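Visitor: predicted structure and sequence below. I'll ask about it afterward.
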Amino acid sequence: MAPLLLSQEASDLCLGKPPLKSVSISATVAEALSALKRLGESSLSVWSCDHSSEKSNVNVIGSSDPTEDCRCVGKVCMGDVICFLGKEESLSSPARALDAPLELLIPKGSGLVRHLEPHASLVEAIDLVLEGAQNLVIPIQSRRTTAARKKLLPNRSFNTLHNNREYCWLTQEDIIRHLLNYIGLFSPTSNAPINSLHAIDTVNILAVHYDDPASASLPLISQSLAQQTSVAILDMDGRVIGEISPYTLNTCQESVAAAIATLSAGDLMAYIDRGGPPDELVQLVKERLEEKKYGAFLELMEEESTMSMSSSSSICSTSSDEEFGWGRRSGGGYSARLVRRSEAIVCYPWSSLVAVMVQALSHRVSYVWVVEEDATLSGIVTFASMFKVFRERLRSME
């Protein structure tokens, strides 16, 4: 089985995945926000080319320009938009913020998104993750010819072709789930406690206290979005009592930015919790927006509230389908990601690697908080730290 795993192609993990829905880097924040809502996605791939216009679609369908080089340069999600609108300058002038270029939301030179050829090995994919990649973009291998796919393109409300090819995400979750199928190859390492494998990150911990202003967590939320982790909420004794999860923010409306600017971290958890925010918190946010003279954003919030009432939706997704998943907002990975709201998933330093691995996969997250017996936070285990352990074992098999 070891030779089979080492020779595995990364594209084998992409079978049956839908093509990426995209937005151009030249779009505005408002255009990206509109596309997220219209397409019902939790995230969209961001490309250096623009096929959104009718003219661009004609060029893609009718010709094959070898000089055209479309590259995926990032990913944008609702959480990114919320964090951008939660900044002081955006709250003062939301119209100007929405008209800002989308590229302001994409980290430059970060290498968070990397292209990978379909025949690249699974080991190469793991190495890219260890270099800092959070999302890998792979061309979809299909028996359907490009010409046949082009004939279908005019019937779509969005374009998925770039360089006359369709692409999909290969996520860290995809790779970890695949490695679980070969877990016997990694024994006894997989059964060892995580503290003995140096898999616990005690440095890159994103956390705030319950009574801290939620605005203080804004840079941490942005960082957690990039790292695919979360922001832990601690009590005064350092015990984990919840978290602000980007996965939850991705199910919310843009008006949550006002809650980040006006509430405490603990109140923010309640605001985005399952079932929608309590009326008293909504009123508190509106009052504090008025106090801070953010009238323009208050108008945006009122307008969104009216639209939500007419469409029977809420500030955050609350349907039974989305209570245990992202529902229609699939984000290019698995379509049923668990939305836990404020509950933090934790393990202990003596938990085995395979147990933590299964725990993360079962909750559809890419990290698990590490706590001591008294629930005080001591670190975090991420898929990336698991990859370091598995990569060392794979090197011994080569």
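Guide: Cool, got the structure.
Visitor: from here on, just use CA atoms for contacts and neighbour counts.
Guide: Will do.
Visitor: low-confidence ranges, the chain, go.
Guide: 1-3, 51-68, 110, 142-159, 274-275, 305-315, 317-342, 398 (pLDDT under 70).
Visitor: show me what secondary structure element comes after whichever helix or strand residue 4 is part of.
Guide: Under the criterion of DSSP states H and E, residue 4 resides in helix 2-6. Using DSSP H and E, the helix or strand that follows helix 2-6 towards the C-terminus is strand 22-24.
Visitor: residue 44: how many residues sit nearby?
Guide: 23 (other CA atoms under 10 Å).
Visitor: name the helix or strand for it, please.
Guide: strand 43-47.
Visitor: can you list contacts of that strand?
Guide: 20-25, 36, 70-78, 250, 329, 331-332 (CA atoms under 8 Å, 6 or more residues apart in numbering).
Visitor: next one: stretch 70-79
Guide: Residues contacting stretch 70-79 (CA under 8 Å, 6+ apart): 25, 32-33, 36, 42-49, 105-107, 112-115, 137, 162-163, 222, 225, 246, 249-254.
Visitor: with stretch 227-244 instead?
Guide: In contact with stretch 227-244 (CA under 8 Å, 6+ apart) are residues 134, 206-210, 217, 220-221, 224, 245-246, 265-266, 268-269, 341-344, 365-367, 371, 374-377, 382.
Visitor: please, where are all the strands along the stretch 1-150 of the chain?
Guide: 22-24, 43-47, 72-77, 113-115, 135-139 (DSSP state E, counting those that start in this stretch).
Visitor: can you list the strands that the first one pairs with?
Guide: The sheet places strand 22-24 alongside strand 43-47 (parallel), with pairing taken from DSSP bridges.
Visitor: would you put the C-alpha positions of the partner strand in CSV?
Guide: Extracted as CSV, the C-alpha positions of strand 43-47 are listed here (Å, rounded to 0.1, in the frame of the first residue of the first chain):
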residue,chain,number,x,y,z
SER,A,43,-16.4,31.5,-1.1
LEU,A,44,-15.4,32.2,-4.7
SER,A,45,-12.1,31.8,-6.5
VAL,A,46,-10.5,35.1,-7.6
TRP,A,47,-8.7,35.1,-11.0
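Visitor: quick one: distance of that strand to the chain centre.
Guide: Relative to its parent chain, strand 43-47 has a centroid offset of 11 Å by CA atoms, centre = their mean, to the nearest Å.
Visitor: report the angle between that strand and strand 72-77.
Guide: 150 degrees (axes from the mean of the first three to the mean of the last three CA atoms, to 10 degrees).
Visitor: how is the protein carved up into domains?
Guide: 2-78+102-171, 194-397 (automatic domain parsing).
Visitor: before we move on, back to that, could you pick out the buried ones from the contacts of strand 43-47?
Guide: 20-25, 36, 70, 72-78, 250, 329, 331-332 (16 or more other CA atoms under 10 Å).
Visitor: tell me who's in contact with residue 221.
Guide: Contacts of residue 221 by CA under 8 Å, 6+ apart are 83, 230-231, 244-246.
Visitor: now the terminal residues of stretch 355-372, how far apart.
Guide: Chord length of stretch 355-372, first to last residue, is 16 Å (CA to CA, to the nearest Å).
Visitor: and that stretch, how far out from the chain's middle?
Guide: The answer for stretch 355-372 is 16 Å, by CA atoms, centre = their mean.
Visitor: and that stretch, what's buried?
Guide: Neighbour-count burial for stretch 355-372 [16+ other CA under 10 Å]: 355-357, 359-361, 363-371.
Visitor: same thing with stretch 94-108?
Guide: Buried residues in stretch 94-108 (16+ other CA under 10 Å): 94, 97-98, 100-103, 105-106.
Visitor: restricted to helices, list the contacts of residue 221.
Guide: Assigned to helices by DSSP state H, the following of the contacts of residue 221 qualify: 83, 246.
Visitor: ok, now which ones touch residue 35?
Guide: residue 23.
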